[in-house]
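Visitor: Show me the folded form of this:
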Amino acid sequence: MFVDQLETLHETQEGFYYAYDIDQNKCLFRVFWADAAARRNYALYGEAVTFDPTYSTNKYDMIFAPFTGVDHHKKSVTFGASLMSRENDQNFKWIFTKFLDCMGGKEPHCFFTDQCPAMKIAVPATFTTAAHRYCMWHIMKKLPEKVGTTVTKETDFVTCLISVVWDSDLEPADFEERWCSLISEFQLEDNAWLQYLFSKQQRWIPAYYRDIPLGCLLRTTQCSESENSFFKRFENPHGTLVEFWMCFQSAMDQQRYTQKPLDRDSDHSLPQTKTLLSLEVHASTVYTHALFYEFQQRCVDSLNSCSAGDSSREGSTRFLEVEDSIFNKTYTVAFNPSTFDATCSRKFLRGRDTYVNTSSGFYQLDFDRLSEFYSTLTLLKSLPENHINELTSLSRNLDKISSLVFEKLTKHQELEMLLGVKSSSEVRILPPVQSKNKGTGKRLMSKKDQSVAKAQKPKRFCNNCKQMAHHDKRNCPNPAVDTSQHSFDHESDISSLVDSD
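Guide: Next up is the predicted model:
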């Protein structure tokens, strides 16, 4: 498709990764980037990732597609971002390849996207171990369009549907039974879109992938919905790429700033427990507050609905029957005290390698920097006095350089200072060409659409044909005029002339 493409890839010492492609005319058509903080967040919270190419944020109509996850406070966190000129499988494959290369080849356990046909080709062609699932938020957004506003707004269909599709505690057989009962109740058996969703139930229903570590972490629409609302505030369809980059950086600063008070609260205070379980007490010391309160609610619900039954032992493994009064089912829990591994017949898997997002790993890099700072400070104190004088002289020279800031700069120089780089005399990358993606530009309406739109407009009274119509006297299709009105006006004009004489 593109001839003589030039690809440039660069990674700085600070950990900022970027890759881009330009076409034969040196115009940018796709780019991916991730800074050091984003890559660190992926190493900590990258088990479940959503990829959302639904934003158009610059005057070139390039698609902005961020990689998003959930941190240890259940807040959205960005792992990387990309811009592309077109939504096709080639661009998706390229972006996914750069994403994996940036993250050291580490794939997520679960990768969430929308139902784009190109994505169905690109994801399995790039990811080898990640489970591809559909984002429920995009599916639920389509309900009014696919099912009809009458059903979604005048009935409780949406509420009933949510109780079925979001319940990860359901067994697959229970989900299918409740789904069919719901469709029959609202007489939607002939809806082709709902039939298609049911055929792809393993792609988006949490009951089918709860055995994936942290797969159910993104079972609700909270992540995608909050991220969509977050980035929408920084959209500017008339902005340049430089303006977009500045807005993106502001968004990242705001997103990361919200983590600091949450980290501080989780590190320096303990939440209040509700039970006497030693498990809950231990969880209050290792979980962040957001995760602990969700875990605590699970403990309380389990004590109210579950009871222990018969127990047995086979070798070093202990077995316990657990009766659930809500679902009227019995589950078998197997526990090995030598390895601390536990399994449940309900397909819940937990062990020493449990994926727990705590704040201890989050602060490891900060401790390393703090140690490096004190080492540097100790080294400076041990320097001879003449060396310290040299450092003082160097700082004075830096003050002279900083005085240049107050000089009147051209717009070109201001951009160089803002970006921190000197412009080259050789232009290697030109602005992107205008992209033609779905949703961009004005759609040409057919005659049928024009007649439907015209029929929906309110009618008004025409002073020419004396009827309620979709026109007025200026564009009335009836050439006839009201002669009596003209006659009346003519007589008034004569009388006014007589009176003036």
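
Visitor: Check the gap between residue 106 and residue 284 for me.
Guide: Going from residue 106 to residue 284 by CB to CB, to the nearest Å gives 30 Å. Every C-beta, even on glycine, is put in place using the N, C-alpha and C of the backbone.

Visitor: Show me what residue 311 bridges to in the sheet.
Guide: On the basis of DSSP bridges, residue 311 is bridged to residue 320.

Visitor: hang on, the earlier thing: neighbour count: residue 106 and residue 284, which is higher?
Guide: Between residue 106 and residue 284, residue 284 has the larger neighbour count (other CB atoms under 10 Å), namely 17 against 12.

Visitor: Report the secondary structure state of that one.
Guide: helix (DSSP: H, G, I helix; E, B strand; the rest coil).

Visitor: residues contacting it?
Guide: 270, 271, 273, 292 (CB atoms under 8 Å, 6 or more residues apart in numbering).

Visitor: Next one: the last one from residue 166, what distance?
Guide: In this structure, residue 292 and residue 166 are separated by 22 Å, where distance is defined by CB to CB.

Visitor: again, but for residue 453
Guide: In terms of CB to CB, residue 453 sits 37 Å off from residue 166.

Visitor: more neighbours, those two?
Guide: Applying other CB under 10 Å to residue 453 and residue 166 shows that residue 166 carries more neighbours, namely 17 against 10.

Visitor: Correct me if wrong: that one contacts residue 205.
Guide: No. Counting by CB atoms under 8 Å, residue 166 does not reach residue 205; the two are 9.1 Å apart.

Visitor: By mean pLDDT, flag the weakest helix or strand of the chain.
Guide: Lowest mean confidence among the helices and strands of the chain (mean pLDDT, DSSP states H and E): helix 364-381, at a mean of 40.

Visitor: Tell me the secondary structure at residue 53.
Guide: Classification of residue 53 using three-state DSSP returns coil.

Visitor: Does it touch residue 83 like I think?
Guide: No. With contact defined as CB under 8 Å, residue 53 does not reach residue 83; the gap is 10.0 Å.

Visitor: of these two, who's got more company?
Guide: Between residue 53 and residue 83, residue 83 has the larger neighbour count (other CB under 10 Å), namely 28 against 22.

Visitor: Tell me the confidence at the more buried one?
Guide: Note for residue 83: predicted pLDDT of 90.

Visitor: Tell me how many other residues surround the nearest residue to residue 132 once chain neighbours are set aside.
Guide: What sits nearest to residue 132 in space, not counting adjacent residues and going by CB to CB, 6 or more residues apart in numbering, is residue 123, at 4.6 Å. Residue 123 has 21 neighbours, counted by other CB under 10 Å.

Visitor: Switch the contacts of residue 284 over to CSV; also include distance to residue 308, pLDDT and secondary structure.
Guide: Formatted as CSV, those follow (distance: CB to CB, whole Å; pLDDT from 0 to 100; DSSP: H, G, I helix; E, B strand; the rest coil):
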residue, distance to residue 308, pLDDT, secondary structure
270, 28, 89, coil
271, 26, 90, coil
273, 21, 88, coil
292, 24, 90, helix
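
Visitor: quick one: low-confidence ranges for the stretch 1-150 of the chain?
Guide: For the stretch 1-150 of the chain, applying pLDDT under 70 flags the ranges 1-13, 55-58.

Visitor: how about the strands of it, start to end?
Guide: Secondary structure of the stretch 1-150 of the chain (DSSP state E, counting those that start in this stretch): strands at 6-11, 17-22, 28-34, 48-51, 55-56, 63-70, 76-84, 110-113, 131-134.

Visitor: of those, which approaches residue 197 most closely?
Guide: Comparison of the strands of the stretch 1-150 of the chain against residue 197 by CB to CB identifies strand 131-134 as nearest, at 8.9 Å.

Visitor: now stretch 474-490: mean pLDDT?
Guide: 60.

Visitor: The stretch 151-300 of the chain: helices as residue ranges?
Guide: Remark: helices assigned in the stretch 151-300 of the chain by DSSP state H, counting those that start in this stretch are 157-165, 172-185, 192-199, 201-204, 222-232, 241-257, 259-268, 278-286, 289-305.
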